[in-house]
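A.B. asks: Test case, fold it:
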Amino acid sequence: MMKKEKSKIFNFEFWGGIGGHMESNEINSPMKASYREIEEETGFKKDEIKNFKLKYILLEKNSGEVRQQYVYSEKQSI
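C.D. replies: As a prediction, this is how the structure comes out:
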């Protein structure tokens, strides 16, 4: 989660997940897109992230368009 400033939708600070869109060259590599988005939004580089795993994929049909969300987590060791 990241604390975010006001947005086009919300006129207040809020907490939200790290996310973004896939570039055309990333369509077959959602993991590559995820690492890029994490670096863009947080500054963390791929080699600084350990145990990064795909948790699940969400599918949503919206106005005739199928949207996919790839949800990853960093498994924490106890």
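A.B. asks: Could you check which helix or strand contains the residue nearest in space to the middle of the chain?
C.D. replies: For the chain, the residue nearest the mean C-alpha position is residue 19 (2.9 Å; CA atoms, centre = their mean). Remark: residue 19 resides in no helix or strand, with elements defined by DSSP states H and E.
A.B. asks: residues touching it, list them.
C.D. replies: 37, 69 (CB atoms under 8 Å, 6 or more residues apart in numbering). For every residue, glycine as well, the C-beta is placed using N, CA and C.
A.B. asks: Residue 40 too?
C.D. replies: Counting by CB under 8 Å, 6+ apart, residue 40 has contacts residue 20.
A.B. asks: Please report phi then psi for it.
C.D. replies: Here the main-chain torsion angles of residue 40 (degrees, to the nearest 10) amount to phi -60, psi -40.
A.B. asks: Where do the helices of this structure begin and end?
C.D. replies: Assigned by DSSP state H, the chain shows helices spanning 30-42.
A.B. asks: Listing request: residues of it with sub-threshold pLDDT.
C.D. replies: 1-2, 14, 75-78 (pLDDT under 70).
A.B. asks: thinking again about what came up before, gap between the residue nearest to the centre of the chain and residue 64?
C.D. replies: 22 Å (CB to CB, to the nearest Å).
A.B. asks: for residue 30, same thing?
C.D. replies: Distance from residue 30 to residue 64, by CB to CB: 22 Å.
A.B. asks: Those two: who's more crowded?
C.D. replies: A count of neighbours by other CB atoms under 10 Å puts residue 30 above the other of residue 30 and residue 64, at 16 against 5.
A.B. asks: hang on, isn't that one packed against residue 71?
C.D. replies: No. Here residue 30 lies out of contact with residue 71, judged by CB atoms under 8 Å, at a distance of 10.2 Å.
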